[in-house]
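J.: Sequence and predicted structure below; questions after.
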Amino acid sequence: MKLRRRESQAPKGAPGWMVTFSDLITLILVFFILLFSMSQIDMLKFKAITESFREQFFDFYPSVVPLDNPAGIEADMPVNDKNEGKANENSDQDSTDESLENLLTEVQSFLDKNGMDDVIIANRTERGVVLVLQEKVLFAPGEANVIADAHPFLDKVGELLKNLPNLVKVEGHTDDRPMNSYRYPSNWELSAARASSVINYLIEEHQLDSSRFIAVGYSDTRPIVPNDSPENRQKNRRVEIVISDPKYSKDDLVSN
């Protein structure tokens, strides 16, 4: 009797290598999901996930790349960097203060040299260097047109400003006596017109850039002394030319 050969049967299910391959694909998928989640969660959640992931996987395959601070999450600035930043800010402020002190010295020397120190007062304030000109030097009482006798003084100021890049604010100030004329119904109109007249003269006679200038009228709202005597009222009737600190913008100057 002839024996029948038993045919070998193929093993059921997937080949053995598929298990390893599936595990590898799963791990890669988990890894990329984790990377994606890192970019959207906060630091506390990230640290918790990192520790959990490290316990499950990286204990067997330690990484040479630290994961405590992933890309896209800023670390706190080191103390040294913070100190360095503060030092740079202080250095910049010191440099600005020094430049303004030098400017004040230059202006005062200019006034002394041209015999104007008894007509124009130069002060250093937080806004910059301020030139104070009394009303009697520039205008007739109740008027805003620059008188001819003021031209030599303003010409010297124009020469000074031509060599400086700073913004310039010109302020008109009056005393508290009411103003009531057809041209200037109040001290507001008079003070603003006087500031504008000074700027117009400087621009037209010395070809200065008009974008550097701001004209403001303050009426009697910013007296330097009480309006309680003729002498004090005379001091309050003035024009101030503010050669600004470089840190000030035009908007800053208008509000200061």
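T.: Right, received. Where do you want to start? Numbering: from 1, shown residues only.
J.: The nearest residue to Leu202 once chain neighbours are set aside: what's it in contact with?
T.: Among residues not flanking Leu202 along the chain, Gly158 sits closest, at 5.0 Å (Cβ to Cβ, 6 or more residues apart in numbering). Glycine gets a C-beta too; all of them are placed from N, C-alpha and C. By Cβ atoms under 8 Å, 6 or more residues apart in numbering, Gly158 lies in contact with 202, 205-206, 208.
J.: same for whichever strand or helix holds Leu29, what does it pack against?
T.: Counting by DSSP states H and E, the element that carries Leu29 is helix 17-38. In terms of contacts (3 or more Cβ pairs under 8 Å, 6 or more residues apart in numbering; DSSP states H and E), helix 17-38 is packed against helix 43-53.
J.: Now do the helix it packs on, average pLDDT.
T.: The pLDDT scores in helix 43-53 average 63.
J.: And stretch 129-145, by the same measure?
T.: 93.
J.: What of stretch 157-172?
T.: On average, stretch 157-172 scores 92.
J.: Need the CA coordinates for it. CSV is fine.
T.: Extracted C-alpha coordinates of stretch 157-172, given in CSV (Å, rounded to 0.1, in the frame of the first residue of the first chain):
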residue,chain,number,x,y,z
VAL,A,157,20.0,130.1,18.7
GLY,A,158,19.5,129.1,15.0
GLU,A,159,23.3,128.6,14.6
LEU,A,160,23.3,126.5,17.7
LEU,A,161,20.3,124.3,16.6
LYS,A,162,21.8,123.9,13.1
ASN,A,163,24.6,121.8,14.6
LEU,A,164,22.4,119.6,16.8
PRO,A,165,20.1,116.7,15.6
ASN,A,166,17.7,116.9,18.6
LEU,A,167,14.0,117.5,18.4
VAL,A,168,13.0,121.0,19.5
LYS,A,169,9.9,122.1,21.4
VAL,A,170,9.0,125.8,21.6
GLU,A,171,6.6,126.7,24.4
GLY,A,172,4.7,130.0,24.8
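J.: can you map out the strands along this structure?
T.: Secondary structure of the chain by DSSP state E: the strands cover 120-125, 128-134, 168-173, 213-217, 238-244.
J.: deepest of the ones you listed, which one?
T.: strand 168-173 (a mean of 25; mean count of other Cβ atoms under 10 Å).
J.: before we move on, back to that, would you list the buried entries among the contacts of Gly158?
T.: Neighbour counting by 16 or more other Cβ atoms under 10 Å classes 202, 208 among the contacts of Gly158 as buried.
J.: Between all of the contacts of Gly158, which two are separated the most?
T.: Glu205 and Leu208 (8.8 Å; Cβ to Cβ).
J.: How much space separates the nearest residue to Leu167 once chain neighbours are set aside from Glu135?
T.: Using Cβ to Cβ, 6+ apart and skipping the chain neighbours, the partner closest in space to Leu167 is Ser244 (4.5 Å). Per Cβ to Cβ, to the nearest Å, Ser244 is found 23 Å from Glu135.
J.: can you check His173 too?
T.: From His173 over to Glu135 (counting by Cβ to Cβ), the distance is 9 Å.
J.: Common neighbours of the two, please.
T.: Going by Cβ under 8 Å, 6+ apart, residues that sit against His173 and also against Glu135 are 237-239.
J.: Tell me the one among the residues you listed nearest to Asn166.
T.: Nearest to Asn166 among those, with distances taken as Cβ to Cβ, is Val239, at 17.4 Å.
J.: quick one: contacts for the closest residue to the closest one other than its chain neighbours?
T.: What sits nearest to Val239 in space, not counting adjacent residues and going by Cβ to Cβ, 6+ apart, is Leu133, at 4.9 Å. Contact analysis of Leu133 by Cβ under 8 Å, 6+ apart lists 119-120, 153, 238-241.
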